[in-house]
Each structure stands twice: as structure tokens, then as C-alpha cells.
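Student: here is my input; please provide its structure:
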Amino acid sequence: MKIIVSMFFPIIIMGQINIPDSLRKDLISSKDDSTTYIASVRLYDYYEELNRDSGFLYASQCVQISRRNNKKLNEAYFLTRKAYQELNSGQFAEALQSLLASFAISENKENEKSFWNEGTFIPEKEKRLYALTCAHHIYGLLMRETLNSEQEIIHFTEAKKLAVQIKSNARSQLASLNLGRVYLQTGRDIDSVLYHLNEASAMAETMRWKKYFSTALYYSVLAHFIKGDSARGLHILHQSIESAIKENNLDALTRGYHRLANYFLGKKQKDSAIYYATKSLDVMKQLGAVAQVEYHLGNAYEGLYHAYESNNQSDSAYKYIKLAEAQNDSINQRRIKSLAAFQKLTLNEQQRLQNVEKEKIAYENKIRTWFLAAGIGVLLLLAIIFYRNNRQKHKAKLKIEQAYDNLKSTQQQLIQSEKMASLGELTAGIAHEIQNPLNFVNNFSEVSSELIDEMNVELNRGDIEEAKAISNDIKQNLEKINHHGKRAEGIVKSMLQHSRSSSGKKELTDINALADEYLRLAYHGMRAKDKSFNVITKTDFDPAVEKINIIPQDIGRVILNLINNASYAVDEKKKQNQNVYEPTVSVSTKKMNGKVEIKVADDGNGIPQKVLDKIFQPFFTTKPTGQGTGLGLSLSYDIVKAHGGEIKVNTKENEGTEFIIQLPIC
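Tutor: Okay, the predicted model is just below:
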């Protein structure tokens, strides 16, 4: 049976040689973007597991054509294909960028209708979710390459859930395949592993599309070998190789040949081991540039080294062990660089420094264990490799620390900018507030000057009684001037109190007065920026609320920020519903269970559920570019936490939002 299969495999491959030529002719003869897109889709499908260079080229071409024609869902789908080729090239940061762009498109329901039907057989209502399940699937693969098995399982599970929802057997098969693989790699129960892999294989057998049937079979082989059922495993391995050749899945084919070489090596069948190790290397080189097969090329060289060493062919064994060492050293350097770039995009600098360090240490330990398990006893060579790795590690660490310092400095500048913007809004409100008592002072002083002239006239006439009456009016005016002067003085003192940098010292503060004052200042600040701004303000202050020990400047900044956000929200809704909507912002306090609760509520558009988890993250904002730094809520969250309190949010789309601050009384 093996002889018959080996005779027919070359015929299968030869039958597919002319396929790319016909597809390329379609591409060259295409006259518009629509037909060019169809030809590029077919070329990508052909090359996806056959050649990484060509796969990346046609995926990128499909992205560009879709983007040029504003076909959002086609762009989202091929961004995932592009990411697949990038992560297989070890370009983790680039793969992450492509996936984030795909998520941004496919998670937006406004893109439901933005697609080409060309080249796909997916029902219209399912296209967005199809692109989304593909993005989750490739993200799971990226998590595997970056050694994050927990996230890997989460995203494959989500991909499976969406695939079942849209009844896509192809996507369900791939999700089951990869769940079986990650369970196998993380040491889960073998029966659980085989459940998912058998499910994937069964689905593949019922479909015309069998590209990854060989991959599901390959991992079933590993599971059966672990169970000790090598006969069953060997039978399935031949099935996997046959399917890989038929479906042009060179990735699965090179794995299958490599596994056969190891099997024959263990059976002391040296010639067969050399034969299949050589075939594994030959197939691998067809996948593309070294950068795109680097994660398996070292394995292929290593397999040939063991095969020749067992056959006492020392020259050939030495050749391939040197190639394996050089390749693995290159992998080490490139992987460290790729992981550093990836972490820079996903974490803040401090987290990235810790995670990259852990990943590098784990990776070096893995490489070290692998070499020791392989029986490499050349201590001098190991010393050289470790020296080079440590030197590169040190250089990478210095670069990461420098990048972290730069980011920290930039973050401090942005925080200061946010504080200055808050101060500007506060000052605008105070300026408007102080204008009122100043107008009273000016008016009463002018009236008093006129009354003095009248009193002098009456005195000259000798009418003492009338002069006395006028003097009483002047006295009343002076009292009013004094009253409004003290009022202006109080506002100035308040301005000095709240605009100066926080001393960091807590003071006993009347929360009701503080909230009322900042409501007025926020309102006048918005009016100062936009004369058309108008909003109904409501207050409900609990008289039972006592003075509490806080830093008033900091808590005032939190209240001001929440009121400004609420004012912005209702103003935006007013612009959309000018005749039927009355914008309302309310502030209330309440004493309960040893805490003081401050609520700032609005009846605006609310916060979308898809971004609700992000609102307290630094630099996240839903405002247009240039209208917000994304630091206001993040700083507010930190300030409230520093006071031993907590901040919560309740929201309902199109109905409004309510922020709740809880501060301890003690």
C-alpha cells in the first residue's frame, strides 16, 4: 500500500502544476478591480500553505484592492489572511497590527453592507461575523506563537462560537483543530484532545474543502503516539501525508515527513530515516524564504543530523548539526526582536519590560533544554551561543529601558497637559462667575455717585430731610457694594484654592459645597467656550453629608471632569435632536453605610457597550481627534482609588449615563 501511495503522489502534484499559470493569466487579463480581486483571491487560496512569499503578496493585493474600493469586510477578511502569513514569518508585531485593523472593521456593525460578493460564497448577513471569527482564529494562532496559551484558548473558543452561530463548518473545523492542538501542547487529557481533533477530521471529511484535513490528522497522530498506540498513529500519519499532497498543504506535509523520519530513526531503520528527513527539508524549502520557514527549518536540519549520526556518516552529520545551530541562533535573534516589537504594541512599557523578560528567559530555557535533550555535548559551542544570546539580551534590555523612560516622560507631559486643560476650563467658569458681582459693584457705585450729586443739591437748597433720605440710600448702596465685593473676593480665593497645584494634604471639606461650586464653574466654563450651550442643571444634596477628609483640589478635578463629560454628552445629543430634547445634567450626594456617594448623571446618548470596559484606560477617548486626551477618566479613577474609594458607571445607550463616586467618611 505504501508503494502504491508513493507512486501516485507525484502524479497528484504534477496534475496541479498548471493551476497557477491559468490563474495568473486571469490576473493579467483582468480589466477592473473586481476581476483582479477575484483572481487574487484564487491565487491566495492556492498559495496559502504552498508558498509563504506568494501567499503574503496576494493577501496584501486583496487588502489594497478592497481598501481602494471601500469594501470594508473584504479588507477585514484579507487582513486576517495577511496576518496569517506574517505570523508564520515571525513578524508578530506586523501580524498584530493587521489583526487589530481587521477587528476594528469587523466589530463595527456599520460595515455590514460594505463588501463585494465576488469570490465568496458566504451569505450576506453572515459576512461580518465570518470576518470576525477569522480574526479571532488568527489571533489565537498569534497567541500560540507568543506563548500565551490562556488567550489562545479564549480566542479559539470565541472563533468556534461565532462559526457555530453562522453555521460555517469550515471555520468550526479549524477552531476544533486548534483547540485540540493547544490542549495537546498544554498537557490536557488525551481523550479531550482527540475529541476536538476527531471532530475536526469528521467535519473535513464531509466537506469539499479539505485543506486542513491533513493538519487535523497530523495532531491526531501525536495524540495516538502519546497514548502508546503507535500502529494507529502510523496509519493516520500516512493519511495525513496523502491529504497534504492532494491539498497543497506543504506545512502539514513537511511535519508529516519529519514525524516519519523520527519514527524510522526510533526503529533503527536508518536509510528510511534519512530519506524522509531529506524529503521534509526539501518540502520545507518550497514554502518560501528562510524567514518564513525558520520555525521548522532547524527541526529539519536536526532530523538529518540524527539520521546521519545513527548511520555513522559523521561528515554529513557534522554538516547538518552546524546548519541546525546556525539556524536556531538566527531564530533566537529574530524571535526576541519580534516579541519585543509585539509587546510594545500590546502592553504599556512597564508590563512589556516584565513580559518580554519572562518570555526571553522561558524561550532561552526551552532552547537550552532542547539542545541538551538532543544530546549536543559540544560545550564550547553552547558557551558561544549563550554568550551571544546574553549580549543581545543586554542590548535589547537597554533599548527597552530607554523606550520605557521616553514613554514615561511623554505620559507625564500628557498628564500635565490634561491638568492644564482642566485648569483652563475651571478658569473660564470662574471668570464668568466673577463677572456677576463685579457688575453689581460697578452699577451700585455709579448710582451712589449720582445720589451724592443729588444730596449736594438738596443741601444747597437747605432741605436737610431729603438729604438725609438720600444719604440712607447711599449707605444701602455701599452695603451692597461691600457685599458683592466680598462675594468677588470669595470667588478669587476659591480660584486660588482650586487652581494651585495640589499639596497632597487632606483637609476636612464640605462635599455638598464642593460639588455645587464645581457644577456652576463647569456650566459657566462650557458657556464661555460656546455661547449657544444651554443645559438644565439639577442638584439633590443630602444635608446629612458631613465634612470628610479629602484633597479638595483632586476630588474637585474629578467632579469637574465628570460634569464636563456629561455636558459634552448632552450637547452632542442636543445637536442631533434640536427640537425635541432638553439636555439635563444632575449632581447629587448621599450618605450611606459609612460612605459618601456622589452621582453625576446625564440624559445623553450613553456609552456603547463595546467600549465600556475601556473608558478608564489611559489615552482612550470617544471624542473626535483633538478634543480629548483620553486621560480625564483615567486620572479620575486613580485619584478616587488613592482616596480609598471607588468609581462606577451605569449607562444605557440613547438614554444616558451615571457615574457614581463612593468615598469613605473616615
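Student: would you map out the domains in the chain?
Tutor: The chain breaks down into these domains under automatic domain parsing: 17-163, 268-377, 413-499, 507-664.
Student: can I get these in CSV with mean neighbour count and distance to A223?
Tutor: All C-beta spots, glycine's among them, are computed from the backbone N, C-alpha and C. Formatted as CSV, the domains of the chain follow (neighbours: other CB atoms under 10 Å; distance: least, CB to CB, whole Å):
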stretch, mean neighbour count, distance to A223
domain 17-163, 20, 17
domain 268-377, 17, 19
domain 413-499, 15, 51
domain 507-664, 17, 37
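Student: lowest mean pLDDT across these, which one is that?
Tutor: Least confidently modelled of the domains of the chain is domain 268-377, at a mean of 63 by mean pLDDT.
Student: I'd guess A39 is in a helix, am I close?
Tutor: Yes: counting by DSSP: H, G, I helix; E, B strand; the rest coil, A39 is located in a helix.
Student: so who does it touch?
Tutor: With contacts defined as CB atoms under 8 Å, 6 or more residues apart in numbering, A39 is in contact with L23, D26, L27, S30.
Student: rewinding a little: now for the domains of the chain, which one comes closest to I190?
Tutor: Evaluated with CB to CB, the domains of the chain place domain 17-163 nearest to I190, the distance being 16.9 Å.
Student: quick one: the closest one to chain centroid distance?
Tutor: Relative to its chain's centre, domain 17-163 lies at 19 Å (CA atoms, centre = their mean, to the nearest Å).
Student: from G644, how far off is the residue of the chain positioned farthest from its centre?
Tutor: Centroid-distance maximum for the chain: G462 at 87.4 Å, with CA atoms, centre = their mean. Applying CB to CB, to the nearest Å, the value for G462 to G644 is 74 Å.
Student: and what of G140?
Tutor: For G140, the distance to G644 (CB to CB) stands at 40 Å.
Student: tell me the buried residues in the helix or strand harbouring H196?
Tutor: Using DSSP states H and E, H196 maps to helix 190-206. For helix 190-206, a neighbour-count test (16 or more other CB atoms under 10 Å) marks V193, L194, H196, L197, E199, A200, S201, M203, A204 as buried.
Student: between those residues, which is closest to I154?
Tutor: Checking those against I154 with CB to CB, the nearest one is H196 at 15.3 Å.
Student: was I right to think D571 contacts K529?
Tutor: No: assessed by CB atoms under 8 Å, D571 is found out of contact with K529, at 10.4 Å.
Student: for R171, give me its contacts.
Tutor: Counting by CB under 8 Å, 6+ apart, R171 touches Y130, T133, C134, H137, A159, K160, L162, A163.
Student: ugh, wrong one, I meant N477
Tutor: Applying CB under 8 Å, 6+ apart, the residues near N477 are F444, S445, V447, S448, L451.
Student: likewise for L179?
Tutor: Each residue near L179 by CB under 8 Å, 6+ apart is listed here: I153, F156, T157, K160, H196.
Student: which non-adjacent residue is nearest the last one?
Tutor: By that I understand H196. In space, H196 comes closest to G180 once its chain neighbours are excluded; the distance is 3.4 Å by CB to CB, 6 or more residues apart in numbering.
Student: doesn't the one you found fall inside a strand?
Tutor: No: counting by three-state DSSP, G180 is not found in a strand; it is helix.
Student: circling back to that earlier point, which elements pack onto the helix holding H196?
Tutor: helix 169-185, helix 213-227 (3 or more CB pairs under 8 Å, 6 or more residues apart in numbering; DSSP states H and E).
Student: so whichever helix or strand V164 is part of versus helix 169-185, what angle?
Tutor: Here V164 sits within helix 149-165, counting by DSSP H and E. Put simply, helix 149-165 runs at 160 degrees to helix 169-185, going by axes from the mean of the first three to the mean of the last three CA atoms, to 10 degrees.
Student: confirm that E597 sits in a strand.
Tutor: Yes: according to three-state DSSP, the state of E597 is that of a strand.
Student: surely it is in contact with I661?
Tutor: Yes: E597 lies in contact with I661 (CB under 8 Å); the separation is 7.1 Å.
Student: the stretch 551-666 of the chain: helices as residue ranges?
Tutor: 552-576, 632-642 (DSSP state H, counting those that start in this stretch).
Student: returning to that earlier point: what's the angle from the helix holding V164 to helix 190-206?
Tutor: Using the same axes, to 10 degrees: helix 149-165 against helix 190-206 is 40 degrees.
Student: mind checking how far helix 149-165 is from the chain centre?
Tutor: Helix 149-165 sits 17 Å away from the centroid of its parent chain (CA atoms, centre = their mean).
Student: next one: stretch 659-666
Tutor: Using CA atoms, centre = their mean, the offset of stretch 659-666 from its chain centre is 31 Å.
Student: stretch 393-405 now?
Tutor: With CA atoms, centre = their mean as the basis, stretch 393-405 stands 23 Å off its chain's centre.
Student: pLDDT on it, on average?
Tutor: Mean per-residue pLDDT for stretch 393-405: 75.
Student: cool, stretch 226-246 as well?
Tutor: Here the average pLDDT along stretch 226-246 is 87.
Student: which parts of it are buried?
Tutor: For stretch 226-246, a neighbour-count test (16+ other CB under 10 Å) marks G233, I236, L237, H238, Q239, S240, I241, E242, S243, A244, I245, K246 as buried.
Student: tell me the one of those residues nearest F56?
Tutor: Proximity of the buried residues of stretch 226-246 to F56 (CB to CB) peaks at A244, which lies at 20.7 Å.
Student: quick check: the closest one vs L237, distance?
Tutor: 11 Å.
Student: again, but for N198
Tutor: Note on N198: its distance to L237, by CB to CB, is 15 Å.
Student: repeat that for M207.
Tutor: Distance, M207 to L237, by CB to CB: 22 Å.
Student: could you do G266 as well?
Tutor: Counting by CB to CB - G266 and L237 are separated by 13 Å.
Student: ranges for the strands of the stretch 1-150 of the chain?
Tutor: Taking DSSP state E, counting those that start in this stretch as the criterion, the stretch 1-150 of the chain carries no strands.
Student: bridging residues for the closest residue in space to P552 that isn't next to it in sequence?
Tutor: Leaving aside its sequence neighbours, P552 sits nearest to T509 (CB to CB, 6+ apart; 4.6 Å). Assessed by DSSP bridges, T509 has beta-bridge partners I548.
Student: quick check, T509 in contact with I550.
Tutor: Yes: counting by CB under 8 Å, I550 is a contact partner of T509 at 5.3 Å.
Student: residues shared between the contacts of those two?
Tutor: Joint contacts of T509 and I550 (CB under 8 Å, 6+ apart) do not exist.
Student: quick revisit: residues shared between the contacts of A244 and L237?
Tutor: Common neighbours of A244 and L237, using CB under 8 Å, 6+ apart, are G256.
Student: in contact with V545, which residues?
Tutor: By CB under 8 Å, 6+ apart, the contact list for V545 reads I511, N512, T589, K590, K591, V596.
Student: just checking, the fourth one touches E597?
Tutor: It stands for K590. Yes: counting by CB under 8 Å, E597 is a contact partner of K590 at 4.7 Å.
Student: before we move on, back to that, what's the helix holding V164 packed up against?
Tutor: Applying 3+ CB pairs under 8 Å, 6+ apart, we find helix 149-165 packed against helix 127-145, helix 169-185.
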